[in-house]
Every structure is written in C-alpha cells, then in structure tokens.
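*Asks:* Here is the input, now give the coordinates:
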Amino acid sequence: MAIVTKNPIEATGSPKATEVRKRKGNKTEPEKSALIEQKIEEVSAKEHGKEKLKRRDSKEVPLSTIWRPGVMMLLLFAIAAGLRFYRLSEPNSIVFDELHYGRYAGLYLKKTFFFDSHPPLGKQMLALAGYLAGFNATEYKFEKIGNAYNESVPVFAMRMVPALCGSLVVPLAYQIMLLLGFHQWTAALTAFLFAFDNSLVTQSHFMLMESILMFFSLSGIMCILRFRQNSTKDFSFGWWFWLSSGVALLTCANCVKYVGFYSLALGAALVGHEFWVRVLARKDISRPLLWKHIITRGLAFSLIPSFIYLAVFYVHLSILTNAGPHDSAMSSAFQASLEGGLASIVSGQPLEVVHGSQVTLRHTHGNPCWLHSHDGKYPIKYSDGRGSSHQQQVTCYGHKDVNNWWIVKRPERDDIMVSAPLDRIKHGDIIQLVHGLSGRPLNTHNVAAPLTATKQEISCYINYNVSMDPQILWRVDIVNKNEVGDIWHALESIVRLVHVNTSAALSYSGRTLPDWGFHQQEVVGDIQLSNKDNNWNVEEHRYTRNEEKEDLQRELMNTDFIPLEPVKLNFIEKFLELQIRMLFITNENVPNHMYTSSPWEWLLINRGIAYWISPTSNAQIQLLGNVAIWYTSTGLLTLYAVLLVIYLLRQRRECYDLSEKTWNQFVTIGEVFLIGYAIHFAPFFFVDHTLFLHHYLPAYAFKLLLAGAMVEHVLNAIRDVYNRKWLRQLVVGLIIGWIVSSVYIFNKFKILTYGIGSGTATEILDLKWKDSWDFIIHKS
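*Replies:* Numbering: from 1, shown residues only. You can find the predicted model right below:
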C-alpha cells in the first residue's frame with residue numbers, strides 16, 4: 001500500500017541515499033564543481049536547521065506538557081456532546097428517516113417482522129434504547145415525516161444513541177491522528193473539524209444510522225492502528241486484543257450499513273500492509289512462525305466477522321417472529337413460518353393442487369411478484385415498429401391483487417368444480433391455466449415479447465375470429481420433485497410451466513413495461529428451460545366451489561390471501577433466504593426525489609436535504625455541511641493529489657525535497673486517509689439506487705482526517721524546502737482564520753442544523769448561499 005519511488009532507498013536523510021548519490025561514476029570537471037557546491041549548501045543548511053531547532057526547543061513548551069492526551073480527549077468529547085445533545089428532543093416530531101428507523105424500532109418491540117436492505121445492528125441499538133426507556137410501540141405509528149410524537153415515544157433516549165456515537169467520533173479522530181504520529185495540535189484541529197461540521201451534528205441529532213456507522217468505523221481503525229503499534233510484540237495480549245477488537249468493531253460497522261464493509265476492507269489492508277512490511281521483511285523468521293502469522297490474521301478476518309454477523313441476524317430473526325407489513329418480500333415458506341399473519345389463517349388452505357384449484361403463482365427468484373392479467377391489451381404496434389398479437393396482457397405484478405388468481409384446469413374437462421375424488425395434478429401432466437376474473441386461458445405463440453424480442457409473448461387468448469388458433473396447453477414440471485414428490489403441492493413445489501406447442505417455459509424477464517403495461521413486469525416464453533426465472537410456486541390456494549360465473553367472480557373478489565399451514569424453518573434457512581433477498585431487493589430507490597444528488601455534487605455540497613419543516617413557520621432542518629470546513633477539506637484533498645504527482649516526478653529525477661520523516665508521514669496520509677476516502681467514495685459512482693448527501697458522510701470522515709494531516713504536512717514541507725519563518729507564520733494565520741470562520745459559519749447555520757429561530761422567510765433565504773440549495777418557504 002505504501003507509495004514508493006522506483007528507488008525508494010534514495011529518500012533524503014537515508015545513509016543509502018548518500019551512497020546512491022556518490023555512486024554516479026566519473027564526473028566531468030563542471031559536474032564535480034557542481035557537486036562540491038551542492039555539498040557545501042547541504043552542510044550549511046543542515047547546520048542552520050540544527051541551530052534553528054535548538055533555538056525553537058529553548059523557547060517552545062511541548063503541548064503534551066500542557067494537555068495530556070486523556071484530558072484533551074475529554075475536553076473534545078464535552079464540546080462535541082454539547083453540540084450534539086443541545087435541544088436533542090426538539091423538534092418533537094418525525095425528522096426525515098426517523099420515519100423508517102423509528103418504525104423499525106417499534107416493530108422490534110412488537111416482535112413484528114420487517115424487511116430492510118441493510119443489516120439490523122443500528123436499528124437494534126435504537127430499539128434497545130426505546131425498550132429501556134419504556135417505549136410503548138402499540139400507541140404510536142410512524143406514518144409521516146413531521147407528525148408529532150406523543151408521550152409514549154422516548155424521543156430523547158432514542159436520539160441519544162446516535163448523539164452519543166457522534167460525540168465519540170470527535171475524540172476518536174483525535175486519537176487516530178496521534179497514533180499516526182501527528183502533533184497534538186494537529187490532532188486537536190482535526191477533532192475540531194468533526195465537532196463543528198453542521199452536517200455531522202445534524203446527522204448525530206436524530207434517529208439515523210450514519211453517526212453509529214462512523215463510530216464503529218473509526219473506533220475499529222483506531223484499534224487496528226494500535227495493533228500496528230504492538231506488532232513487534234508478536235502474539236502478546238495487546239497484539240491479540242487490538243487485532244480482535246479492531247476486526248470486531250469494523251464488523252459492527254458493516255452490521256449497521258453495508259458501506260461499513262469498506263472500512264473492514266481498509267482495516268484488512270492495513271493489517272496486510274503491516275504483515276508485508278514488518279513480518280515478511282524479517283530474514284530471521286522461521287517458516288512455522290511465518291505461517292502462524294498468516295493463519296492468525298486470516299482467522300481473525302474470517303471467524304470474527306462471521307460470528308458477529310451471524311449473531312446480529314440471530315438476534316434479529318429470534319425477535320421478529322410475528323408476521324408484518326414486509327412479509328411479501330420473502331418466500332411463501334418464510335412467510336408461513338411467521339406467527340400471526342400468513343400462518344394464522346393457513347389452516348383452511350388445501351395442500352394438493354387439483355383440477356379446479358384457484359391459485360396465485362409467485363415468481364420464486366429475485367423480486368417478489370405474482371403472475372397477473374387484466375383487461376389491457378398489448379398495443380397493435382410497439383414503439384420500435386414491431387407488431388403484437390393484441391391479446392390480453394399477462395404480467396408479473398409486485399402486489400397481491402385479485403387479478404393474480406388463476407384456475408388450474410384439465411384440457412379434457414369443461415367443468416371447474418372440485419369434487420371427490422380429487423383429480424390431483426402431477427409432474428408431467430398437461431393443464432390449462434384460466435385467468436380467474438376474465439376467464440381467458442394462458443396462451444403463447446411465435447410472437448416476440450414486447451420488450452425482450454428474443455423471447456415469446458405471453459397473453460390470455462382472445463378469439464378475434466382470425467387465423468390465430470389458441471395454444472393454451474402447458475406441461476407441469478416439478479423442479480424439486482425429489483424433495484416434495486410428484487404431486488403438485490402449494491408452497492412447497494417449485495414448478496416450471498412448459499408450453500406444449502413451442503417448448504417455451506413461462507418466465508419472468510425482470511424488465512418493466514411502459515405506460516400501456518402499467519409499469520408492471522414483463523412475462524415471456526423462454527426456451528432456455530434451466531433458467532431460474534422460469535420457476536414458480538403456488539402461494540394462495542383454494543378449491544373452486546361455484547361454477548356460475550357471477551358466483552365465481554364474487555368468490556374471487558372476496559379474496560383472503562392465505563398460504564398453507566405454518567412452516568418451520570431453522571435459523572440458517574431463514575438467514576440464507578434473507579441474505580439473498582437483501583442482495584436483490586433494495587428499498588433505497590426513491591424515484592424523482594427533489595433532494596437526490598450525484599457523487600460529484602457532494603464535493604462542494606451543491607445539494608442538501610430538507611429533513612423537517614415546521615408546520616407553523618418556515619423553520620426547517622437542512623442537511624448542509626459547514627462551508628468553510630467542507631470546501632477547505634476538498635481543496636486539501638486536491639492538494640494532496642497534486643503534491644503526490646509533483647513529489648514522484650521530482651524523485652524520479654533524483655530531487656529529494658523532503659526529509660525522510662516528512663516523506664514517510666506523507667505516505668502514511670495516503671495509505672490510511674486517501675485510500676480510506678477513495679474506497680468509501682468511489683463505489684457510489686457505480687450503484688443503481690437513489691443517492692443523497694448523507695451517503696457521503698462515511699467518506700467525508702476520512703477526508704476530514706486527511707485535511708487535518710495535510711495542514712501539518714504543509715508546515716513541515718515549508719520547513720524542509722524553504723525554511724522561512726514568515727511563511728510558516730502566514731500558514732498558521734490562515735489556519736486560525738479557518739478555525740474562526742468555521743465557528744462563525746456553524747453558528748450562522750445553526751438555525752438549519754437544529755430547526756430553531758423565528759422561521760421568517762427572510763431569515764431562511766439569507767442562508768441560501770448557493771442557488772442549488774432548495775429551502776422551503778411555505779409561510780409568508
């Protein structure tokens with residue numbers, strides 16, 4: 001991971017660097033003269049530097065003698081906590097994603113299953129705080145942003161979790177800087193940046209996840225850096241403690257949000273770099289000891305994350321045993337394993353699918369949806385000029401609906417009544433599927449599908465009295481017949497319906513139809529029978545008792561979607577299914593949201609987010625960063641990239657401007673902070689869900705650490721290259737001005753950070769420093 005030149009031994013200050021400069025072969029007379037002059041200048045500069053250092057040491061008192069690190073950390077924590085706990089219970093109403101996270105906490109207390117695309121540790125922490133504070137989840141529903149909380153919601157206690165984590169981030173930043181060898185004043189400056197950034201204060205002030213995530217991320221990185229300090233004491237207690245603690249905390253970050261995985265990867269890279277530099281570089285190390293180092297590190301980064309990740313989900317699934325609003329995201333068997341919802345009304349549902357069965361067919365792979373039809377027809381011509389059959393549309397619909405019902409029918413029978421003895425459907429049987437409400441049979445033919453032109457169109461057949469005969473026969477293939485038997489069972493049997501005439505299987509393409517298809521999912525005929533998208537299972541099932549059309553429609557309209565008897569799934573089965581669903585289903589897509597932003601816009605906070613609006617005035621909470629801190633940190637990040645290129649180019653030409661200590665520190669900034677920033681920021685350019693400014697905050701934390709480190713590097717570089725006191729004093733003056741302006745801007749924008757102030761339109765619009773910031777003025 002270290003940034004090195006082609007000849008890294010030639011760093012200034014190294015004895016080998018001197019040898020390299022001496023081993024240049026025979027020189028011409030002008031070259032010898034130049035070398036002599038250069039040597040004289042180096043000696044003079046060296047003596048001047050020693051004298052200056054002696055004078056400085058005689059005047060300055062080390063900061064560590066004034067502030068011990070522990071005292072400074074307590075002071076920084078007190079400042080951060082004061083800013084984050086200020087008016088913590090206000091506003092006493094739902095703020096932004098408290099709508100979701102507060103609701104999840106309530107569902108935990110009601111033991112009601114819910115689905116979220118991120119791991120549950122942060123939500124469990126909120127739920128625990130609510131439980132300890134006496135939250136009565138049955139008396140309050142999280143329905144809408146801005147709704148007032150009632151007395152049953154312990155607002156302060158639940159907001160205290162992210163506020164405490166956000167407060168601890170500040171001394172953690174200070175400690176990380178000290179562990180990497182930066183001066184105490186640099187560490188304090190970096191902690192100041194964390195403490196007074198408006199966006200970090202806002203995010204820590206409410207029931208949100210980012211401050212919890214950053215706490216685990218930075219505390220884990222701190223432990224890994226501690227481990228690197230103890231790495232010379234192989235397998236000592238401190239060695240084991242800091243390694244295991246670091247991996248555990250970084251895993252907890254991953255268990256709050258999956259973006260925490262990038263922090264875990266950074267920790268693994270730092271440990272790997274330490275192994276590469278320190279262990280592999282030892283010539284005296286024995287092979288057994290080398291393998292011991294490799295195995296222990298590998299086990300630490302495999303067993304500890306696996307155990308914690310499984311434990312978090314074990315708690316999650318052990319608590320959430322009741323059916324809830326998100327059951328439809330899971331498989332039919334998973335739903336039937338829950339208490340109170342699907343499982344409570346399953347007793348009346350028959351098991352065996354027979355002639356006359358009324359069924360809903362659920363697609364078993366990927367996003368949940370059900371085979372569906374409605375009165376709409378395929379357009380005569382598609383937008384690309386291709387023609388269609390103009391038959392009744394068949395789609396896959398992501399909600400339970402009366403138009404999801406189909407009737408299983410033997411081709412040779414005209415009735416659809418179920419009577420004894422039951423005419424069971426088995427593997428290999430030929431059937432017809434008749435749409436329940438329209439009475440039209442499922443059909444396909446050699447007509448291209450509307451979106452996937454290489455597949456066949458699926459429709460419900462309408463007799464237009466033209467030369468297009470119905471092709472409505474389907475063969476039942478039970479994919480898992482070795483496990484469940486040859487008879488088609490509801491819930492348990494996974495079936496593939498293969499068209500008799502064309503040998504194409506009923507399949508889900510995953511593509512969304514345009515307006516004429518009501519934005520439902522396309523269903524096609526696929527000749528690739530092994531495709532997992534061809535698999536379906538019966539979810540709701542009942543027997544047809546009324547053959548009269550009006551009675552049948554009334555029966556279907558009076559739908560009670562019920563599955564089979566309760567299913568018992570063990571933890572591993574539930575865990576694996578939940579992981580697959582979390583992989584394929586996201587609840588972070590919010591189309592056409594006015595506050596969505598791109599990663600490039602985050603660099604200069606071109607877009608904020610309105611978190612809350614007062615119903616009685618224009619007072620509001622906006623997620624906006626401290627402009628002085630945000631812009632300067634972006635500038636210092638850019639400066640690092642520019643200086644890196646300059647240093648490498650000059651070292652390529654054997655020009656070594658920096659002392660060895662300064663260069664190594666510059667490399668460390670890149671190894672930890674630049675790479676940490678990059679791996680947390682770059683992936684957002686490749687994701688396909690809606691992005692907001694708060695997604696940037698984990699990467700922003702590493703940018704603030706880099707910004708603080710770059711301030712010290714600039715001062716050290718000035719000392720090494722120019723050695724001008726006035727220039728260093730100028731930089732120090734700029735730093736002081738930066739601090740003052742940061743405090744001023746924080747104070748000025750606090751009305752948007754906390755949602756306080758008179759809320760007049762003038763007061764709010766006075767803070768609109770960028771045209772791209774969307775403030776809401778709804779009271780004149």
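
*Asks:* now what about stretch 500-507, what contacts it?
*Replies:* Residues from elsewhere that reach stretch 500-507, judged by CB atoms under 8 Å, 6 or more residues apart in numbering: 371, 430, 442, 444-446, 455-456, 458, 471, 473-475, 496-499, 523-529, 531, 533-534, 536. The way it works is simple: take the backbone N, C-alpha and C, and place the C-beta from them, glycine included.

*Asks:* Could you pull out the strands in the stretch 351-500 of the chain for me?
*Replies:* Using DSSP state E, counting those that start in this stretch, the strands found in the stretch 351-500 of the chain span residues 357-363, 370-377, 392-397, 405-409, 430-435, 442-448, 456-460, 474-478, 495-499.

*Asks:* and of these, who's closest to residue 760?
*Replies:* strand 392-397 (48.5 Å; CB to CB).

*Asks:* how about the strands of the stretch 351-500 of the chain in CSV, adding mean pLDDT, mean neighbour count and distance to residue 143?
*Replies:* Shown next, in CSV, are those (pLDDT from 0 to 100; neighbours: other CB atoms under 10 Å; distance: least, CB to CB, whole Å):
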stretch, mean pLDDT, mean neighbour count, distance to residue 143
strand 357-363, 91, 24, 29
strand 370-377, 93, 20, 27
strand 392-397, 94, 23, 25
strand 405-409, 92, 24, 31
strand 430-435, 94, 20, 36
strand 442-448, 91, 21, 40
strand 456-460, 94, 24, 38
strand 474-478, 95, 21, 44
strand 495-499, 95, 23, 39
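
*Asks:* Let's have those in a markdown table, adding distance to residue 422.
*Replies:* As requested, these are exported to a markdown table (distance: least, CB to CB, whole Å):
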| stretch | distance to residue 422 |
| --- | --- |
| strand 357-363 | 10 |
| strand 370-377 | 23 |
| strand 392-397 | 28 |
| strand 405-409 | 12 |
| strand 430-435 | 15 |
| strand 442-448 | 22 |
| strand 456-460 | 27 |
| strand 474-478 | 16 |
| strand 495-499 | 18 |
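
*Asks:* closest one to residue 660 among these?
*Replies:* If you check each of these against residue 660 by CB to CB, strand 357-363 wins as the nearest, at 62.8 Å.

*Asks:* contacts for that closest one?
*Replies:* For strand 357-363, contacts defined as CB under 8 Å, 6+ apart pick out 332, 350, 353, 368-371, 396, 400, 404-408, 418, 425, 436, 490, 508, 533, 535-544, 556, 561.

*Asks:* quick check: angle from that strand to strand 405-409?
*Replies:* In terms of direction (axes from the mean of the first three to the mean of the last three CA atoms, to 10 degrees), strand 357-363 departs from strand 405-409 by 120 degrees.

*Asks:* What angle do strand 495-499 and strand 357-363 make with each other?
*Replies:* Using the same axes, to 10 degrees: strand 357-363 against strand 495-499 is 100 degrees.

*Asks:* quick one: strand 357-363 to strand 392-397, angle?
*Replies:* Angle, strand 357-363 to strand 392-397, by the same axes, to 10 degrees: 60 degrees.

*Asks:* for strand 357-363, the distance to its chain's centre please.
*Replies:* Distance of strand 357-363 from the chain centroid (CA atoms, centre = their mean, to the nearest Å) equals 34 Å.

*Asks:* What of stretch 229-242?
*Replies:* With CA atoms, centre = their mean, you get 32 Å for stretch 229-242.

*Asks:* Repeat that for stretch 312-331.
*Replies:* Relative to the centre of its chain, stretch 312-331 is centred 20 Å away, using CA atoms, centre = their mean.

*Asks:* Render the CA-only coordinates of that stretch in PDB, please.
*Replies:* Written as PDB, here are the backbone C-alpha positions of stretch 312-331 (Å, rounded to 0.1, in the frame of the first residue of the first chain):
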ATOM      1  CA  VAL A 312     -26.600  -9.900  14.800                       C
ATOM      2  CA  PHE A 313     -29.000 -11.700  12.500                       C
ATOM      3  CA  TYR A 314     -29.700 -14.400  15.000                       C
ATOM      4  CA  VAL A 315     -31.000 -11.800  17.400                       C
ATOM      5  CA  HIS A 316     -32.900 -10.200  14.600                       C
ATOM      6  CA  LEU A 317     -34.700 -13.300  13.500                       C
ATOM      7  CA  SER A 318     -35.200 -14.600  17.000                       C
ATOM      8  CA  ILE A 319     -37.100 -11.400  18.000                       C
ATOM      9  CA  LEU A 320     -39.100 -10.900  14.800                       C
ATOM     10  CA  THR A 321     -41.400 -13.900  14.900                       C
ATOM     11  CA  ASN A 322     -44.700 -12.300  14.000                       C
ATOM     12  CA  ALA A 323     -45.900 -11.500  10.500                       C
ATOM     13  CA  GLY A 324     -45.700  -7.900   9.500                       C
ATOM     14  CA  PRO A 325     -46.100  -5.400   6.600                       C
ATOM     15  CA  HIS A 326     -43.000  -6.600   4.700                       C
ATOM     16  CA  ASP A 327     -43.800 -10.300   4.500                       C
ATOM     17  CA  SER A 328     -44.400 -10.200   0.800                       C
ATOM     18  CA  ALA A 329     -40.600  -9.600   0.200                       C
ATOM     19  CA  MET A 330     -39.900 -13.100   1.400                       C
ATOM     20  CA  SER A 331     -40.700 -16.500   0.000                       C
END
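
*Asks:* Contacts made by that stretch with the rest, please.
*Replies:* For stretch 312-331, the external contacting residues (CB under 8 Å, 6+ apart) are 107-108, 110-115, 119-121, 124, 255, 334-335, 338-344, 364, 368, 399-400, 571, 574-575, 577-578, 581, 585.

*Asks:* Please repeat the previous calculation with a cut-off of 7 Å.
*Replies:* 107-108, 111-115, 119-121, 124, 255, 335, 338-343, 364, 368, 400, 571, 574-575, 577, 581, 585 (CB atoms under 7 Å, 6 or more residues apart in numbering).

*Asks:* Check stretch 124-132 too.
*Replies:* Identification of contacts with stretch 124-132 by CB under 7 Å, 6+ apart yields 101, 105, 108-109, 154, 157-158, 160-161, 207, 212, 315.

*Asks:* what mean pLDDT does that stretch have?
*Replies:* Averaging pLDDT along stretch 124-132 gives 97.

*Asks:* cool, stretch 236-253 as well?
*Replies:* Stretch 236-253 shows a mean pLDDT of 95.

*Asks:* Tell me the gap between it and the middle of its chain.
*Replies:* Centre-to-centre, stretch 236-253 and its host chain are 23 Å apart (CA atoms, centre = their mean).

*Asks:* following the host helix or strand of residue 680, which helix or strand shows up next?
*Replies:* Applying DSSP states H and E as the criterion places residue 680 in helix 675-681. Later in the chain than helix 675-681, the nearest helix or strand by DSSP H and E is helix 697-721.

*Asks:* Quick check: the gap between residue 780 and residue 620.
*Replies:* From residue 780 over to residue 620 the distance is 15 Å, taken as CB to CB, to the nearest Å.

*Asks:* more crowded one of those two?
*Replies:* residue 620 (21 against 6; other CB atoms under 10 Å).

*Asks:* For that one, which non-adjacent residue is closest in space?
*Replies:* Leaving aside its chain neighbours, residue 620 sits nearest to residue 613 (4.8 Å; criterion: CB to CB, 6 or more residues apart in numbering).
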